[in-house]
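Asker: Fold the following, please.
(2 chains)
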Amino acid sequence: MHWRRVVAAVFALALVTAACSGSSSGANESGEPVTLDYWVFQSGGLAGQWLDQLVAGYQAKYPNVKINVTSYPENNYGVKLDTAIAAGKEPDLVLVFGPEQMRQGLLLPLDDMIAANHIDLSQYVPSIVQPGDEFSCNYEGHLYCLGSYAGSVQLIYNKTMFEKAGLQPPPAWPPMTPEQFVEDACKLTDKANGVWGAAASDPLAYDPWETFFSDDGKTAEFNSPEAVQQFEILASGYQRGCFPTSNVLDPWEQGRDFFSQGKLGMVITDFQDLDKVESAGIDYGSTAVPTPPEETPYWSVWTDSVGVMASTDHPQEAENFIAYLTTKGQDLRSQVTGDMPLNLQTAKDDNWTQGIPGREDGVEVLSHARTAVFVPNRWDVIGPYYDAWGYVSSGEKTAQQALDDANPAIQENLDKAWKDWNDASP
Amino acid sequence: MARKGLIARKEQRAAYLFLSPWLIGLTAFWLIPIFASLVLSLTEWHLIGRNPQWVGLQNYKDMFDDRNFWLSIRVTLKFMVLSVPLYLICGLLLSLLLNLKMRGINLFRTVLFLPAVLSGVAVAVLWVALLNPDVGAVNQILHGVGISNPPRWLQSPTWAVPSVVLVGLWGIGGGAIIYLSGLQNISAQLYEAALLDGAGPWQRFRYVTLPMLTPTLLFVLLTGLIDAFQVFDIAYVLGQKGTGDSLRFYLINLWNEGFVHHEYGYASALAWFMVLAAAAIILVVFRTSGRWVYYEYDPGRA
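Answerer: Sure thing, here's the model as predicted:
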């Protein structure tokens, strides 16, 4: 009879356990307190205000959930996160860098959440939601992150200067060729009044990555005739005095400032902080980056790429947060920071363009965004490219010489990057 | 006797108690990580994903086929060859000036020492502006003295390492203060004796100051060599402006392997190689120092 008592005790224990776990799960839905850890880049100013309002809005909608936001400097974020993952102390919500965490199974796929919330991805900037390069949230057909805004590289130009120079302003799409870009820049240059025709940091700021890599991303083609030609075209703009060197004017950091002061006819830079240009009264347009006629245009597009760690104890609440971020959060962000929504339909519904032609151009350009060929650790792989551009722009070497020297070194880096990528595969 | 032993044991316990915070810190944050990095250097580990895989000495073998390893060695050695002698000589000359007895010399000593206590990152940011090839102060001055085509400094791969040497030159005040303490330790009697023997200023420097300063020179040489292996913050900041591979110092390469490529096993092997290489160079300097370093009191020679 003793064994019967043991079996009864086990059943009783199982029933109590089931009852407890059932009540815990039900309690979460019915309001048991939940805390989600969310790690972000350090952000102040308008982006910081938006984040505060986003968190407050979500917590008002889900009063049982508290979002615990921790900020880290951007260049330490990856190391902090990797260390936390190794220690098993990762947060629930993270900013996603590239496909590594996706292929390692560290993030939850968001496909069910997207379907449940009727989020229409066909209206999102394509390069973020389609599989591809390091900025894409899509890995092997599943979506692992979403964001609240669309940052991108575009060419913005001063329409008044174009008209004064008797030039036809470029359409938003298709883009002009690099040759046309340099020619127009030289016609817009007015050295007597301190006006530069255009600013662009280096050829890879706008040339498609496929000009420099094979279609599978495994062969460096930096000294191909097409790549050499692109170097020569931009270098000629520098040599003719139509472009400032990045020492005089860094297009990424100062491009919009100089453009707002009427000291630049065109600039290839981040399509953000447009208030600065608009409040200066500049009549501007935007177009996709210059592209050789035989290539498909490519430029970088990014978002805040928030994902849910697979280890979270509260996947439902974390997914709800991403749904809130990419719906209500987009509206809020465009109001608070002026950033362009990632969902192009939201941009229209929210009247983000406000009828400003430059913004309308920007939306049109982003509807054509595509992903590039995938190259693991691509910014580190192309280190010798920057040396080559340094030699060419300072006139120490011809484009052919510099790229002939750089290409074998880039190929070695590329082989190592692919080996590391394959070695680390799960 | 028993009471004496009891007191000694109590004192011993007290000593260990007071030492324990330091010993715990040394073990937890120094000895264990050092041992862990040695073990990691024999593994392949990406921090996330699979557990470390034992690969034996493979990481050390892979170094010799790695282009970036050799590149980083070249860049670091180039910096070492250019900077160490220059900083030794300039630091010595500066200390001779600071050793003069004149009004306001303490102010000069303070001002010249200031750069040595500034953050490396702040110094780098300042020098990025000064070395701007088109609008920076350095090239404006060079244009002003008739040099029509001055170097493009950090923008030119050829001039990138010399630019870092130039930036480091600004901080030689730290070395000069060490020389100064060495100079002030030289007995005045030696100079008096030399004067009585009719020695002029150059002979006093050559036969009194320089030999008596050689222990200090050895110290500054060793710290200079170690510093050359450890260039990171300045190159990291200066390299943000697209200098490509021309500033891939050893530690920059190590950082990239670990924190960019997530090759923590290989990065640990690189770290251990650096320790062994630095130790070998320092050992050679020590072994040869007997030929050129003179101590006021040398029991071996006595």
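Asker: if I look at the nearest residue in space to B:Val84 that is not next to it in sequence, how far off is A:Gly285?
Answerer: Leaving aside its sequence neighbours, B:Val84 sits nearest to B:Gly224 (C-beta to C-beta, 6 or more residues apart in numbering or on different chains; 4.5 Å). Placement of C-beta: from N, CA and C, glycine included. According to C-beta to C-beta, to the nearest Å, B:Gly224 and A:Gly285 sit 56 Å apart.
Asker: what do you get for B:Ile281?
Answerer: Using C-beta to C-beta, B:Ile281 is found at 60 Å from A:Gly285.
Asker: Which residue of those two possesses the greater neighbour count?
Answerer: Neighbour count, other C-beta atoms under 10 Å in any protein chain shown: between B:Ile281 and A:Gly285, A:Gly285 has more, with 20 against 16.
Asker: Pretty sure that one sits in a strand.
Answerer: Yes. Assessed by DSSP: H, G, I helix; E, B strand; the rest coil, A:Gly285 belongs to a strand.
Asker: tell me the contacts of it?
Answerer: Neighbour list for A:Gly285: A:156-157, A:159, A:169-170, A:172, A:357-358, A:361 [criterion: C-beta atoms under 8 Å, 6 or more residues apart in numbering or on different chains].
Asker: Next: A:Tyr238.
Answerer: With contact set as C-beta under 8 Å, 6+ apart, A:Tyr238 has these partners: A:245, A:393.
Asker: one more time with 10 Å
Answerer: Counting by C-beta atoms under 10 Å, 6 or more residues apart in numbering or on different chains, A:Tyr238 touches A:182, A:200, A:244-246, A:392-395.
Asker: Could you grab the helix/strand/coil label for the residue lying closest to A:Ala205 once chain neighbours are set aside?
Answerer: Leaving aside its chain neighbours, A:Ala205 sits nearest to A:Ile268 (5.3 Å; criterion: C-beta to C-beta, 6+ apart). Three-state call for A:Ile268 (three-state DSSP): strand.
Asker: how much space is there between A:Ile268 and chain B?
Answerer: 15 Å (C-beta to the nearest C-beta, to the nearest Å).
Asker: can you check A:Thr287 too?
Answerer: 25 Å.
Asker: Which strand residues bridge that residue?
Answerer: A:Leu155 (DSSP bridges).
Asker: Let me see the contact set for it.
Answerer: A:Thr287 sits next to A:154-157, A:169-176, A:181, A:266, A:297, A:358, A:361-362, A:364-365 when contact means C-beta under 10 Å, 6+ apart.
Asker: Those residues in helices, which ones?
Answerer: A:181, A:358, A:361-362, A:364-365 (DSSP state H).
Asker: Near the residue in the stretch 101-250 of chain B positioned nearest to chain A, how many other residues are there?
Answerer: Nearest residue of the stretch 101-250 of chain B to chain A: B:Gly244, at 3.3 Å (C-beta to the nearest C-beta). The number of residues packed near B:Gly244 is 21, by other C-beta under 10 Å.
Asker: Touching, it and A:Ala406? I think so.
Answerer: Yes. Look at B:Gly244 against A:Ala406 with C-beta atoms under 10 Å: they come within range, at 8.5 Å.
Asker: which residues do those two both contact?
Answerer: Shared contacts of B:Gly244 and A:Ala406 (C-beta under 10 Å, 6+ apart): A:382-389, A:391.
Asker: Also near chain B: which of those, exactly?
Answerer: By C-beta under 10 Å from any C-beta of the partner chain, the members of the shared contacts of B:Gly244 and A:Ala406 lying near chain B are A:382-389, A:391.
Asker: mind showing which ranges of the chain have poor pLDDT?
Answerer: Reading this off chain A. Along chain A, segments meeting pLDDT under 70 span A:1-30.
Asker: think we crossed wires, I meant chain B
Answerer: Scanning chain B for pLDDT under 70 picks out B:1-3, B:240-243, B:297-302.
Asker: tell me which element B:Leu6 is part of?
Answerer: helix B:2-26 (DSSP states H and E).
Asker: now A:Ser152
Answerer: Taking DSSP H and E as the criterion, A:Ser152 maps to strand A:151-158.
Asker: Next SSE downstream of that strand?
Answerer: Counting by DSSP H and E, what follows strand A:151-158 is helix A:159-164.
Asker: looking just at contacts, which helices and strands does that next one meet?
Answerer: Here helix A:159-164 touches helix A:178-188, strand A:264-270, strand A:284-287, going by 3 or more C-beta pairs under 10 Å, 6 or more residues apart in numbering or on different chains; DSSP states H and E.
Asker: How many residues are close by A:Gly307?
Answerer: A:Gly307, neighbours per other C-beta under 10 Å, totals 24.
Asker: For it, give me its contacts.
Answerer: A:93-97, A:101-102, A:106-110, A:137, A:143-146, A:318, A:322.
Asker: in chain A, which spans are strands?
Answerer: Assigned by DSSP state E, chain A shows strands spanning A:34-41, A:65-72, A:93-95, A:138-139, A:142-143, A:151-158, A:196-199, A:264-270, A:284-287, A:301-302, A:306-308.
Asker: same thing with the stretch 1-150 of chain B?
Answerer: Here the stretch 1-150 of chain B has its strands, by DSSP state E, counting those that start in this stretch, at B:43-44, B:53-54.
Asker: right, and these - which one's nearest A:Ser334?
Answerer: strand B:43-44 (45.7 Å; C-beta to C-beta).
Asker: what about the closest residue to chain B within the stretch 151-300 of chain A, neighbour count?
Answerer: Distances between the stretch 151-300 of chain A and chain B by C-beta to the nearest C-beta are smallest at A:Asn247, namely 4.4 Å. Counted by other C-beta under 10 Å, the residues lying close to A:Asn247 total 20.
Asker: Now it: phi and psi?
Answerer: phi -80, psi -30 (degrees, to the nearest 10).
Asker: Would you enumerate the residues in contact with it?
Answerer: Listed by C-beta under 10 Å, 6+ apart, the contact set of A:Asn247 reads B:128-129, B:131-136, B:139, B:152-155, B:241.
Asker: filter the residues you listed down to the ones near chain A?
Answerer: B:128-129, B:131-136, B:139, B:152-155, B:241.
Asker: near chain A, which residues of the stretch 1-150 of chain B?
Answerer: B:44-50, B:53, B:62, B:65-68, B:71, B:128-129, B:131-136, B:139, B:149.
Asker: Could you check how far the longest helix anywhere in chain B is from the centre of its chain?
Answerer: In chain B, taking DSSP H as the definition, the longest helix is helix B:67-98. Mean C-alpha position of helix B:67-98 versus that of the full chain (C-alpha atoms, centre = their mean, to the nearest Å) differs by 9 Å.
Asker: Which residues does stretch A:185-193 contact?
Answerer: By C-beta under 10 Å, 6+ apart, the residues outside stretch A:185-193 that reach it are A:157-158, A:161-162, A:164-167, A:195-200, A:234, A:236-237, A:240-244, A:262-266.
Asker: Would you mark the buried spots in that stretch?
Answerer: A:185-189 (16 or more other C-beta atoms under 10 Å in any protein chain shown).
Asker: go on, stretch A:244-256?
Answerer: Quick answer for stretch A:244-256 (16+ other C-beta under 10 Å): A:244-247, A:249-251, A:254-256.
Asker: Show residues contacting stretch A:45-62.
Answerer: Under C-beta under 10 Å, 6+ apart, the answer for stretch A:45-62 is A:31, A:34, A:36, A:38, A:40-44, A:65-69, A:71, A:148-149, A:273, A:275, A:304, A:317, A:320-321, A:323-325, A:328-329, A:332-339.
Asker: quick one: it to chain centroid distance?
Answerer: Taking the mean of its C-alpha atoms, stretch A:45-62 sits 21 Å from the chain's own mean (C-alpha atoms, centre = their mean).
Asker: And that stretch, what's buried?
Answerer: So, applying 16+ other C-beta under 10 Å, buried residues of stretch A:45-62: A:47-48, A:50-51, A:54-55, A:58, A:62.
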